[in-house]
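Participant: Have a look at this prediction, sequence included:
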Amino acid sequence: MRFIPFAKAVGTALACATLLATVPARAQDKPAELKIGISTFTSGAASVFGVPGKAAAELLIDEINAKGGIGGVKVVPTFIDEGIGGDKLLSEYRRLVQEQGVKTMLSAISSGNCNIVAPVAEDLKILNVMWDCGTEKILENKRFKYVVRTQANATTEMVATVLYLLKMKPNFNSIAVVNQDYAWGRDSWEIFINTLRVFKPDIKVVAEMFPKLGASDFSTEISRLQALKPDVVLNTSWGGDLDTFMRQAGQRGLLKQGATFVMPLLESSLERLGDAVPEGIIAGARGDHYWLHPETANDPAHKDFIAKFKAKTGAYPIYPTYHMAQALTGLKAGYEAAIKANGGKWPAPDQVAEAMRKMKFKGYGREITMREDGQGLEAQLLGVTKRTPKYPFAVLDKMVIVPAELVTTPVGEKSPTWVKGINPAILKVLTSDQLKTHDFK
C-alpha cells in the first residue's frame with residue numbers, strides 16, 4: 001500500500017518550499033530519529049475511539065519508515081493516554097519534550113485537552129498538530145505559531161449537519177439536545193442552534209441536557225425526551241458515551257418514538273453498536289471519512305488501508321483513523337517542504353508549522369487545504385443509517401459531501417457571530433449539483 005496516494009501532497013510540498021524560499025535557512029542538527037508524541041485515549045470509555053487511532057498511527061508510521069521515514073529520518077512514536085486526565089496528560093506532555101527531546105506532538109482527541117496543550121506547545125516552542133479535537137474557539141481566539149489542525153472544527157461540522165438535516169427533514173418545529181458537558185459538547189450545540197435559527201428563527205428548544213463526560217446512565221435524559229417528544233434530537237457525543245446512550249435509548253424504545261435523531265459522530269460507532277442502530281438516524285463522520293466513501297471506496301490506496309487496518313484490528317477503520325492519517329500525511333509533507341525551503345537542512349519546529357499552513361494534502365477522502373491560521377479545511381460527509389444484509393451493522397445511505405468552503409468561518413472571524421450572519425440563500429445549494437446524493441450500493 002502507498003500510505004501517501006499523495007502526488008498532490010508531494011507537489012504541494014514543493015510549491016510550499018518555493019513559497020518559503022525567502023525564509024533564511026536555520027541550521028538544525030538532523031536527528032537520528034524523529035521522535036513524536038501522540039496523545040489518544042487508550043483507557044476509559046473513550047478508548048473505543050482512541051485505540052483505533054493508535055492502531056492507525058502504528059500502521060501508517062511503519063509504512064512511512066519502510067519508505068525512508070520523514071526527510072530520511074525514522075519516525076519513532078511515543079503514546080500518551082488521554083484517559084489519565086488533563087493534569088497528568090500535561091505532565092507527560094512536558095516530560096516527553098523536556099526529558100526525551102520530543103519536538104513534535106500530535107495532540108489531542110479531547111477538545112478540553114487541546115485547550116490545555118496548545119498554549120504549552122507555544123511556550124515550549126514545539127510543533128503541535130491537533131489531530132482530532134473539534135473546538136473551533138482554540139484557533140479563533142488566539143493566533144498560534146507552533147500549533148496547527150489537520151481537520152475541520154465544530155463550525156464546519158455543525159453547519160454542514162444543519163444543512164443536511166434541512167435537506168432530509170425540512171419541516172420540524174422543536175428540538176432537544178443531549179451533549180457531553182465539556183468544551184466539545186457545549187461548543188457544538190452553540191454553533192448548531194445558532195445556525196439552525198438562521199433558517200428556522202421560531203424553532204423551539206424544549207430541552208438542553210449536558211450529562212457529564214463519561215456518564216454511564218442516561219435514564220434521566222431518556223425519560224425527559226420520551227415525555228417532551230421533540231421533533232429532532234441532537235446528540236454530538238462520541239466514543240463510549242455515544243454507544244451507551246444508543247443502547248439505553250434503544251432498550252427504552254426512544255429511538256422508535258418518532259423523533260429524528262441527529263448524531264454527527266455516529267459513523268465511528270456503527271460497527272460496534274451492530275443491530276442497536278435502527279434505520280433513519282442522521283449520521284456524520286467528522287469529515288468525509290468512511291470506509292464506504294462513495295468517491296474513494298475503490299481507490300487502491302484506500303482499499304489497501306482498509307484491508308490492512310482490518311487485518312490488524314479485526315474492524316473497519318473509523319473516522320479517528322482517518323484523522324490520524326491526515327495528521328501524519330500533513331506532518332510528512334510539512335517537514336519535507338520545510339527541509340526544501342531550509343536549503344536541505346533539518347528545519348526548526350516553527351518552520352514546519354509555517355510550511356504546513358501553506359499546503360494542500362490528501363488522505364483517503366477529498367483534499368485538505370490548510371489556512372494561514374493553522375485551520376484545515378475538510379469536506380463533510382453525512383448520511384442516513386440503513387440496514388442491509390451485507391453487514392451485521394447499519395451503513396450510511398443518501399450520503400452527501402458538503403464542501404468545506406461553504407460551511408467554514410473565514411479567517412479572522414468568530415464562529416458564534418459568523419453563523420448568525422449566514423445568508424439563508426445557502427439553502428439553494430441543497431438542491432444543486434454541488435451536493436450530489438450518493439445511495440448505498
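Facilitator: Received it, and whenever you're ready, just let me know what you need. Treat the numbers as computed from the prediction; the structure is a model and nothing was measured.
Participant: Now stretch 40-56: buried residues?
Facilitator: Buried positions in stretch 40-56, judged by neighbour count with 16 or more other C-beta atoms under 10 Å: 40-42, 44-56. Placement of C-beta: from N, CA and C, glycine included.
Participant: Domain ranges for this protein, per the record?
Facilitator: 7-152+296-377, 155-285+379-438 (automatic domain parsing).
Participant: Any idea which of those has the lowest pLDDT on average?
Facilitator: Ranked by mean pLDDT, the domains of the chain bottom out at domain 7-152+296-377, with a mean of 93.
Participant: For residue 152, the count of nearby residues, please.
Facilitator: 26 (other C-beta atoms under 10 Å).
Participant: Next, the contact list for it, please.
Facilitator: Going by C-beta atoms under 8 Å, 6 or more residues apart in numbering, residue 152 touches 134, 286, 287, 376, 377, 378, 380, 404, 408.
Participant: Of these, select the buried ones using a PyMOL command.
Facilitator: The buried residues among the contacts of residue 152 can be selected in PyMOL (16+ other C-beta under 10 Å) with this line:
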select buried, resi 134+286+287+376+377+378+380+404+408
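Participant: Let's have the contacts of residue 152 in JSON lines, adding secondary structure.
Facilitator: As requested, these are exported to JSON lines (DSSP: H, G, I helix; E, B strand; the rest coil):
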{"residue": "134", "secondary structure": "coil"}
{"residue": "286", "secondary structure": "coil"}
{"residue": "287", "secondary structure": "coil"}
{"residue": "376", "secondary structure": "strand"}
{"residue": "377", "secondary structure": "strand"}
{"residue": "378", "secondary structure": "coil"}
{"residue": "380", "secondary structure": "strand"}
{"residue": "404", "secondary structure": "helix"}
{"residue": "408", "secondary structure": "coil"}
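Participant: Relative to residue 264, which of the contacts of residue 152 is nearest.
Facilitator: Nearest to residue 264 among these: residue 286, at 7.0 Å, using C-beta to C-beta.
Participant: Name the nearest residue to that closest one, ignoring sequence neighbours.
Facilitator: residue 319 (5.0 Å; C-beta to C-beta, 6 or more residues apart in numbering).
Participant: Could you verify my assumption that that neighbour touches residue 285?
Facilitator: Yes: Residue 319 lies in contact with residue 285 (C-beta atoms under 8 Å); the separation is 4.9 Å.
Participant: Strands along the stretch 151-300 of the chain, start to end?
Facilitator: Using DSSP state E, counting those that start in this stretch, the strands of the stretch 151-300 of the chain run over 174-178, 204-209, 232-234, 260-263, 282-284.
Participant: Between those, which one is closest to residue 61.
Facilitator: strand 282-284 (27.5 Å).
Participant: which other helices and strands contact the closest one?
Facilitator: Contacts defined by 3 or more C-beta pairs under 8 Å, 6 or more residues apart in numbering; DSSP states H and E place strand 282-284 against helix 154-168, strand 260-263, strand 380-386.
Participant: can you redo those as a markdown table with distance to residue 271?
Facilitator: Formatted as a markdown table, those follow (distance: least, C-beta to C-beta, whole Å):
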| stretch | distance to residue 271 |
| --- | --- |
| helix 154-168 | 21 |
| strand 260-263 | 15 |
| strand 380-386 | 12 |
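Participant: What lies in contact with the helix or strand where residue 39 lies?
Facilitator: Using DSSP states H and E, residue 39 sits in strand 33-40. The contact list for strand 33-40 (C-beta under 8 Å, 6+ apart) reads 50-51, 53-54, 57, 69-71, 73-82, 89, 93, 96-97, 100-109, 113, 117, 131-132, 320, 331, 335.
Participant: Please list only the buried members of the residues you listed.
Facilitator: By neighbour count, with 16+ other C-beta under 10 Å, the contacts of strand 33-40 hold 50-51, 53-54, 57, 69-71, 73, 75-77, 79-82, 89, 93, 96-97, 102-109, 113, 117, 131-132, 320, 331, 335 as buried.
Participant: for the residue nearest to residue 324 when sequence neighbours are not counted, what are its contacts?
Facilitator: Using C-beta to C-beta, 6+ apart and skipping residues adjacent in sequence, the residue nearest residue 324 is residue 56, 4.4 Å away. Going by C-beta under 8 Å, 6+ apart, residue 56 touches 309, 317, 320, 321, 322, 324, 325.
Participant: Residue 56 and residue 103, how far apart?
Facilitator: Counting by C-beta to C-beta, to the nearest Å, the separation of residue 56 from residue 103 is 22 Å.
Participant: angle of the helix or strand harbouring residue 76 against strand 33-40?
Facilitator: Using DSSP H and E, residue 76 maps to strand 74-81. Strand 74-81 runs at 30 degrees relative to strand 33-40, counting by axes from the mean of the first three to the mean of the last three C-alpha atoms, to 10 degrees.
Participant: name the helices or strands packed onto the next helix or strand after strand 74-81?
Facilitator: The helix or strand immediately downstream of strand 74-81 is helix 86-100, counting by DSSP H and E. Applying 3+ C-beta pairs under 8 Å, 6+ apart, one finds that helix 86-100 makes contact with strand 33-40, strand 74-81, strand 104-106, helix 111-124.
Participant: repeat that with 6 Å
Facilitator: Here helix 86-100 touches helix 111-124, going by 3 or more C-beta pairs under 6 Å, 6 or more residues apart in numbering; DSSP states H and E.
Participant: what comes up buried for the helix it packs on?
Facilitator: 111, 112, 113, 114, 115, 116, 117, 118, 120, 121, 124.
Participant: Go ahead and confirm residue 103 touches residue 124.
Facilitator: No: look at residue 103 against residue 124 with C-beta atoms under 6 Å: they stay out of range, at 8.7 Å.
Participant: quick check: angle from the lengthiest helix in the chain to strand 74-81?
Facilitator: Criterion DSSP state H: the longest helix present in the chain is helix 319-341. Comparing the axes of helix 319-341 and strand 74-81 via the same axes, to 10 degrees yields an angle of 140 degrees.
Participant: Show me what the next helix or strand after helix 319-341 is packed against.
Facilitator: Remark: after helix 319-341, the chain's next helix or strand is helix 349-356, criterion DSSP H and E. Here helix 349-356 touches strand 127-130, helix 319-341, going by 3+ C-beta pairs under 6 Å, 6+ apart.
Participant: And the longest one, what does it pack against?
Facilitator: Using 3+ C-beta pairs under 6 Å, 6+ apart as the contact criterion, the secondary-structure elements in contact with helix 319-341 are helix 7-19, helix 47-66, helix 349-356, strand 360-361.
Participant: And it, how far out from the chain middle?
Facilitator: Taking C-alpha atoms, centre = their mean, to the nearest Å, one finds the center of helix 319-341 at 15 Å from the center of the full chain.
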